[in-house]
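>>> what follows is a predicted protein model with its sequence.
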Amino acid sequence: MTHAATSPSRRRFLRQSAGALLLGLQGGTIALASASDLDQAGAFAPNAFIRIGTDGRVTLVSKQPEIGQGIKTSLPMVLAEELDVDWKDVHVVQGDLDAVYGPQGAGGSTSTPTNYENFRKLGATARTMLVQAAARTWGVPASACRASQGSVLHAASGRQIGYGALAATAATLPVPDAKDVRLKDPSTYRLLGTRVGGVDNGLVVAGKPLFGIDTRLPGMLYATYVKCPVLGGRPVGANLAAIKAMPGVKDAFIVEGTENLNGLRPGVAIVANSTWNALRARKKLEVTWDEGDGAKHSWAGFEAQAQAASGDPGQAVQRCDGDVDAALAGAARTVEAAYSYPFISHASMEPQNCTAWYKPESGMLELWAPTQNPGSGQALVASTFNMPKERIVLHITRSGGGFGRRLSSDFIVEAAAIAQKVNAPVKLTWTREDDLQQDHFRAGGFHFLRGGVDEQGKVVAWHDHFVTFANRVEKESGSVLQPGSGGNLSGDEFPGRWVPNCLIEQTPLECRIPMGPWRAPGSNVFAWVFHSFIDELAHAAGRDPVAFRLDLLGDKDIMPGTGERGTPYNVARMRGVLKAVAEKSGWGRRRFPRGKGAGVAFHFSHRGYVAQVAEVTVSKDGKLTVDRVVVVADVGAQIVNLSGAEHQIEGSVIDGLSTLMLPELDIEKGRIVQSNFHDYQLMRMPDIPTKIESHFLKTDYPVTGLGEPAFPPLAPAVCNAIFAATGKRVRELPLSKADLSWS
């Protein structure tokens, strides 16, 4: 199957539209583009996202990549709500990379907040034009008409006309001024806030070709790409002649690559007439590698470096308020602890893949990719090969999981490099071992913490020396160490600004390990460290963990400062979710026997405020069961798709628990030791929490995404519950390394 056939190009889509005005999104604002020169047809296409046929069929374009977060369903729901059409009459198609759609990345839980209001306006504008078309048809004022479920009604006469019958007339109307477009009152919503199944659910269950790995093109060849097992190494020779002589092999060659660890890494490409033949040849490949400085890396070595660095001042001060040493000396009680976590892989179910077709006669490169960031992929290909972006066409396929991995575009640029040496379309597919060992990893880290409380049980001192990982990057100013994604600790992170005497410092360990965004970058581990240590301080103070946190948050409604993504920290919203989760979970209203306990945590990330309570049982021999997780989220004024929102909460809890318990990458001589799911374990269905409860607080704030905010609080809530049950603190991940047995 060719994905281009199921995702019509913008040009073909517009040719099928009536001579309409096209409303696109440029840089997050609504922009108009004239389409009066297009062939006339009966359809109504008021903007780049909506097309209504004369038969009443409504086609909506989903511009964001679908990576399992449900955006292909939820954003078209916003259009459909304001357009006022019946969801059963809607057909959703995936838009390819095109500037007319505006930004098209799916990462950082930004898809909903950056598009919600604009999509409301796009839908409402189209509805307004249809009402105007009906009024013109009937010769009545538009104010006397109203839209309802795919039709326009005239109450005075009882007349009704469907959108399909109005399409041709509506297509001739000018786009109304913004002042003449009324958004619907959310209290009248029929679709938003309800449970709607994913538009691709039936196709996914039936195994239909939707994903990048499903792409099929006539005459297609198949490729594998072998990189140095030592991260950052490069090939200097290989038995290419022997590989080319193998059955089914079309070509084999070395790709020089670049110095960019997150770009086109050097390697050896094998192209064959089937994936089987390519992988069979790979087993016979013999490569001489220049392993480089990365061969010196080991996790044991990093641990030793971190321990040595912990006794020295940090190389960079992220925050310094008051006098920490003096405050600790005068504190009623002090706590010291070291927390650490390893590098881990994204381990998405669909390994990285991309199909590329270079056409030398035109200089065009066509790509089919399961990408979270198609614009970045196009830009990386353009810069790597000095190719104009206009000559790079990128089709966005559905992704079999992303979690931040597909924000990187190395697999796209690899396929592009191979395609330029092959006179045919070629699909590059990574093996599971490639996916695990050649990832852009979540950075490991080490936190050396000191804290103190006074006689009243208030936090008076906080010191975090964070030892992180960084790559050396060449910039115009010279060579610098750049911490990996999620490896840079802001001084504004909670509870830094809330403690009068606070020192947050950072020391980078240089490495050749590629690092990239991993679900809720930074927050996914910082929340575990901070809220576990806060719990230690609460215990030292002899105070209830919820009351201790409320006291630490204080009574200000807004905490000034830069905050995440430049936004202030809304303390009132965090207090709201914390109080709500305590009430919903019955916090403090039950006594747990030894071996059972409850823990609490909260975190602000990606514009969302989330608090969680976990209840656990730990058997005497140390077996952990998570009995219940209660989640309260404040993600603004409107839940778009209640089903999708609940799935995001439940998925975050399960993914968070799996990540807490099992995954770990060891590094020896610059190589990732683990290779596949037999030694890189993820949680299985029997181990998921017995009960997950999702609650949403609707507040008068802009709508926020949910793919990431619910993830960070899970790990500390569970670890704090383990302490409540057993008296044992978990300070090293994964949890599987801990002895939780008790007597």
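Done, it's in.
>>> so what's the closest residue to F44 other than its chain neighbours up against?
Nearest residue to F44, sequence neighbours excluded (Cβ to Cβ, 6 or more residues apart in numbering): A167, at 3.8 Å. In this view, the C-beta of every residue, glycine as well, is placed from N, C-alpha and C. Contact analysis of A167 by Cβ atoms under 8 Å, 6 or more residues apart in numbering lists A18, G42, A43, F44, I52, G53, T54.
>>> next one: Q318
F466, L489, S490, G491, G496, I504, E505, Q506.
>>> give me the buried entries from these.
Neighbour counting by 16 or more other Cβ atoms under 10 Å classes F466, L489, S490, G491, G496, I504, E505, Q506 among the contacts of Q318 as buried.
>>> and the residue nearest to F44, what element?
helix 163-170 (DSSP states H and E).
>>> and for G576?
Assigned by DSSP H and E, G576 falls in helix 571-585.
>>> residues making contact with that helix?
Against helix 571-585 from outside (Cβ under 8 Å, 6+ apart): 546, 549-550, 553-554, 556-559, 587-588, 598, 600, 602, 604, 609-613, 615, 628, 630-634, 693, 695, 697, 699, 701.
>>> one more: stretch 232-248?
Taking contacts as Cβ under 8 Å, 6+ apart, the residues outside stretch 232-248 that touch it are 227-228, 249, 251-254, 257, 261, 265-268, 270, 272-274, 276-278, 280-281, 284-295, 512-514, 670.
>>> which ones among these are found in strands?
With DSSP state E as the criterion, strands contain 249, 251-254, 267-268, 270, 272, 287-290 from among these.
>>> residue contacts, A614?
Contacts of A614 (Cβ under 8 Å, 6+ apart): A598, G599, V600, V626, R628, V629, P689, L714, A717, V718, N720, A721.
>>> let's have those residues in CSV, adding neighbour count.
Output for those, formatted as CSV (neighbours: other Cβ atoms under 10 Å):
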residue, neighbour count
A598, 24
G599, 24
V600, 29
V626, 25
R628, 17
V629, 31
P689, 20
L714, 30
A717, 36
V718, 28
N720, 29
A721, 29
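>>> re the thing from before, now, which of the contacts of Q318 lie within strands?
Using DSSP E, the contacts of Q318 in strands are F466, I504, E505, Q506.
>>> for the first one, what are its contacts?
I take that to be F466. G314, Q318, G445, F446, H447, L489, I504, E505, Q506, T507.
>>> same deal with the third one?
With contacts defined as Cβ under 8 Å, 6+ apart, the neighbours of E505 are P313, G314, Q315, A316, V317, Q318, D464, H465, F466.
>>> number of residues surrounding the second one?
Around G314 sit 19 other residues, with neighbours defined as other Cβ atoms under 10 Å.
>>> what is the mean pLDDT for stretch 432-446?
When pLDDT is averaged along stretch 432-446, the result is 98.
>>> report the secondary structure state of the residue nearest to P388 when sequence neighbours are not counted.
In space, and not counting its chain neighbours, P388 is closest to A382: 6.7 Å by Cβ to Cβ, 6+ apart. Using DSSP: H, G, I helix; E, B strand; the rest coil, the structure places A382 in helix.
>>> verify the contact between A382 and I392 for me.
Yes - using Cβ atoms under 8 Å, A382 is in contact with I392, at 6.1 Å.
>>> out of those two, which sits in the more crowded spot?
I392 (22 against 18).
>>> and G644, what element?
Here G644, judged by DSSP H and E, is contained in helix 642-661.
>>> hmm, who's touching the helix or strand just after that helix?
From helix 642-661 onward toward the C-terminus, using DSSP H and E, the following helix or strand is strand 667-668. Strand 667-668 has contacts (Cβ under 8 Å, 6+ apart) with H297, S298, W299, F302, F343, I513, V673.
>>> what's the PyMOL syntax to select whichever of those are buried?
A single PyMOL command selects the buried members of the contacts of strand 667-668 (16+ other Cβ under 10 Å):
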select buried, resi 297+298+299+302+343+513
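>>> please save the CA atoms from stretch 393-405 in PDB.
Taking C-alpha atoms only, stretch 393-405 is exported to PDB below (Å, rounded to 0.1, in the frame of the first residue of the first chain):
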ATOM      1  CA  VAL A 393       8.300  15.900   0.300                       C
ATOM      2  CA  LEU A 394       7.500  14.200   3.600                       C
ATOM      3  CA  HIS A 395       4.400  12.000   4.100                       C
ATOM      4  CA  ILE A 396       3.500  11.600   7.800                       C
ATOM      5  CA  THR A 397       2.500   8.100   8.700                       C
ATOM      6  CA  ARG A 398       1.100   6.900  12.000                       C
ATOM      7  CA  SER A 399       3.700   6.000  14.600                       C
ATOM      8  CA  GLY A 400       3.800   2.900  16.700                       C
ATOM      9  CA  GLY A 401       4.800   4.800  19.800                       C
ATOM     10  CA  GLY A 402       7.100   7.800  20.100                       C
ATOM     11  CA  PHE A 403       7.700   9.000  23.700                       C
ATOM     12  CA  GLY A 404      10.000  11.600  22.300                       C
ATOM     13  CA  ARG A 405      12.200   9.300  20.200                       C
END
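>>> residues in contact with the most far-flung residue of the chain relative to its centre?
In terms of distance from the mean C-alpha position of the chain, S157 ranks first, at 51.0 Å (Cα atoms, centre = their mean). If you count contacts by Cβ under 8 Å, 6+ apart, S157 has them with W138, V140.
>>> and it, how far from G164?
20 Å (Cβ to Cβ, to the nearest Å).
>>> next: A382.
Taken as Cβ to Cβ, the span from A382 to G164 is 42 Å.
>>> give the buried residues for stretch 117-125.
N118, F119, R120, K121, L122, G123, A124, T125.
>>> ok, the residue sitting nearest the centre point of the chain - contacts?
Centroid-nearest residue in the chain: G107, 4.0 Å away (criterion: Cα atoms, centre = their mean). Shown in contact with G107 (Cβ under 8 Å, 6+ apart): Q372, N373, G402, G404, L407, P517.
>>> spell out the secondary structure type for it.
G107 is classified as coil under three-state DSSP.
>>> just G451 next, same as before
Put simply, G451 is strand when judged by three-state DSSP.
>>> so it touches K458, yeah?
No - G451 lies out of contact with K458 (Cβ under 8 Å); the separation is 11.4 Å.
>>> thinking again about what came up before, could I get the contacts of A167 as CSV with neighbour count, pLDDT and distance to D439?
Listed next are these as CSV, based on neighbours: other Cβ atoms under 10 Å; pLDDT from 0 to 100; distance: Cβ to Cβ, whole Å:
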residue, neighbour count, pLDDT, distance to D439
A18, 23, 33, 47
G42, 15, 77, 50
A43, 22, 93, 45
F44, 28, 96, 46
I52, 30, 97, 44
G53, 19, 95, 44
T54, 17, 94, 50
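>>> nearest to V529, of those residues?
I52 (52.0 Å; Cβ to Cβ).
>>> got the domain boundaries for the chain?
Residue ranges for the domains of the chain, per automatic domain parsing: 3-205, 212-292+352-429, 299-344+441-737.
>>> export these as JSON lines, with columns for distance to D435.
Below are these laid out as JSON lines (distance: least, Cβ to Cβ, whole Å):
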{"stretch": "domain 3-205", "distance to D435": "15"}
{"stretch": "domain 212-292+352-429", "distance to D435": "6"}
{"stretch": "domain 299-344+441-737", "distance to D435": "9"}
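>>> picking up where we left off before, what is the nearest of the ones in strands among the contacts of Q318 to N201?
The nearest one, if we look at the ones in strands among the contacts of Q318 relative to N201 and count by Cβ to Cβ, is F466, at 42.1 Å.
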